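*Asks:* just to be clear, the model below is a prediction. Sequence and coordinates:
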Amino acid sequence: MSTTPPGPKGVPVFGNGRQYARDPFEFIAACEAAYGDVVHLELGPRETYMLTNPRDVERVLVSEWAKFRKPDLDDAIDDLLGDGLLLSEGETWQHQRELANPAFHARRIAGLGEVMVGHAADTVADWNAGDRIDVQLEMARLTVKIIVSAMFGTDITDEQVRRVQENLEPLGQRFEPSPIRAVVPDWAPTAENRKFDAAVAALEEVLDDILARRRGTAHDQPDPAGDATGRDVPMDLLSILLRANERGDQSDRQLRDELMTMLLAGHDTTALTLTYTYYLLSEHPQVRERVHAEIDEIDGRPTATDVRGLDYLDRVLSEAMRLYPPVYTVFREPKTDVRIAGYRIPADSILMLPQWGVHRSERWYDDPLTFDPDRWEPARRADRPRFAYFPFGGGPRHCIGKQLSLLEAKLILATVGSEYTLEYEGPTLDLRGSLTMHPDHPMPMRLRER
């Protein structure tokens with residue numbers, strides 16, 4: 001048996017970097033189909049191994065998670081997110097996770113339903129039948145407002161939302177796969193680096209304004225979730241962090257990093273999930289009709305209790321995130337040498353766990369490229385490996401906002417679906433990779449009154 005996993009042959013200097021940058025999704029799928037469980041890749045100065053068997057994904061994320069850590073892949077992402085929950089390690093991560101947990105408690109999340117529906121209803125009120133909207137932009141604006149209300153305990157102005165939106169593009173461009181970027185230092189005054197630095201500064205100004213308005217209110221501001229927490233102080237994330245900051249248990253820099261992480265990660269993945277769901281529903285009108293029939297059973301505005309009973313909508317969301325996972329790959333690095341599927345994987349190498357490749361594999365799904373929500377019925381999913389599906393990661397480092405995102409998506413779909421049908425009028429869906437997977441073009445949809 002070879003001690004080195006198989007993989008595609010690279011070219012001098014760039015390895016497989018050009019193939020991956022050209023189309024990361026096609027590259028991942030082709031490697032999964034051709035080479036199986038462990039694939040050796042040349043994507044930079046460090047050895048990279050792609051794992052596509054759910055058994056190995058579960059081992060890295062769950063059963064042996066402590067043997068692996070988040071890798072330091074790019075100084076720019078450290079500049080953007082710093083030591084926030086997404087990137088921090090060790091005692092810092094453990095402390096910050098425990099500090100943040102009450103803001104994401106299930107009872108508190110359920111109590112945020114009215115806030116979510118209120119913002120969704122305000123968005124729908126600005127629409128008119130026959131309008132043509134860019135659904136990705138509309139959903140991103142909406143989810144920014146929701147995350148600021150739910151986790152920062154305040155509102156964000158339309159102008160601030162606009163500033164956030166216009167600065168997301170240069171941030172995304174900075175993290176698109178590029179074989180050239182590996183040899184260009186982050187301090188080099190390239191146009192891309194200058195735009196990135198300016199975008200980070202603009203987002204920090206928005207956060208500074210929110211912080212200025214919230215300082216001094218962390219003990220007395222009403223919680224966005226109402227009395228769901230049963231506490232006599234607000235339990236939104238920013239209030240928790242501000243109280244920790246007051247007692248010297250949270251530096252100003254850590255506070256900034258957590259807010260930036262929550263602002264970006266807290267709205268982007270949900271907006272993308274909704275975008276891809278609306279696209280798939282438009283492409284499959286029979287599925288859309290079943291969703292609308294289920295929504296129509298709700299009397300009045302939807303609530304958190306209502307959407308917990310929308311079984312078919314739940315399956316639709318699962319299938320949308322299977323086909324179009326906003327986070328299309330996650331990375332880890334082993335702290336010491338490990339053996340996976342018979343191969344020695346050296347310490348400090350990069351492990352790539354691609355949702356895109358696993359979710360769309362014929363090994364785990366029948367007819368995997370077909371949109372089939374009913375594949376999530378209990379009987380059909382019973383024999384499927386657990387980590388054949390992991391849009392929110394897994395194990396102790398799973399996405400802390402999973403329940404928030406799912407409730408938010410269901411309430412938005414129910415609120416919009418009670419009034420409008422959305423018909424896609426754009427080109428064939430094309431994708432681009434960055435920190436998350438985005439459409440590579442606008443997503444125009446026509447609003448049809450129901």
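*Replies:* Right, received. Where do you want to start?
*Asks:* where does the stretch 201-350 of the chain have low pLDDT?
*Replies:* For the stretch 201-350 of the chain, no stretch is flagged by pLDDT under 70.
*Asks:* please, where are all the strands along it?
*Replies:* 330-334, 338-340, 343-345, 350-353 (DSSP state E, counting those that start in this stretch).
*Asks:* now the ones you listed in a markdown table, please, with extra columns for distance to Leu168 and mean neighbour count.
*Replies:* (Each C-beta comes from the backbone N, C-alpha and C, glycine too.) Output for those, formatted as a markdown table (distance: least, CB to CB, whole Å; neighbours: other CB atoms under 10 Å):
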| stretch | distance to Leu168 | mean neighbour count |
| --- | --- | --- |
| strand 330-334 | 21 | 19 |
| strand 338-340 | 36 | 15 |
| strand 343-345 | 35 | 17 |
| strand 350-353 | 24 | 22 |
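*Asks:* okay, those strands in TSV with distance to Asn245 next?
*Replies:* Output for these, formatted as TSV (distance: least, CB to CB, whole Å):
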stretch	distance to Asn245
strand 330-334	30
strand 338-340	39
strand 343-345	40
strand 350-353	34
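*Asks:* among those, which is nearest Val307?
*Replies:* Taking CB to CB, strand 330-334 is the member of the strands of the stretch 201-350 of the chain nearest to Val307, at 27.5 Å.
*Asks:* what helices or strands is the closest one leaning on?
*Replies:* strand 68-69, strand 350-353 (3 or more CB pairs under 8 Å, 6 or more residues apart in numbering; DSSP states H and E).
*Asks:* correct me if wrong: Met437 contacts Pro326.
*Replies:* Yes: in this structure, Met437 is within contact of Pro326 by CB atoms under 8 Å, at 5.8 Å.
*Asks:* find residues that contact each of the two.
*Replies:* Leu272 (CB atoms under 8 Å, 6 or more residues apart in numbering).
*Asks:* shouldn't Leu43 be within a helix?
*Replies:* No: under DSSP: H, G, I helix; E, B strand; the rest coil, Leu43 sits outside any helix and is assigned coil.
*Asks:* what's the pLDDT at it?
*Replies:* What the model reports for Leu43 is a pLDDT of 88.
*Asks:* what sits against it?
*Replies:* Applying CB under 8 Å, 6+ apart, the residues contacting Leu43 are 15-17, 20, 350.
*Asks:* how does it look with 7 Å?
*Replies:* The neighbours of Leu43, taking CB atoms under 7 Å, 6 or more residues apart in numbering as the test, are 15-17, 20.
*Asks:* with Phe27 instead?
*Replies:* Counting by CB under 7 Å, 6+ apart, Phe27 has contacts 19-20.
*Asks:* tell me where the model's unsure across the stretch 1-150 of the chain.
*Replies:* Using pLDDT under 70, the stretch 1-150 of the chain drops low at 1-2.
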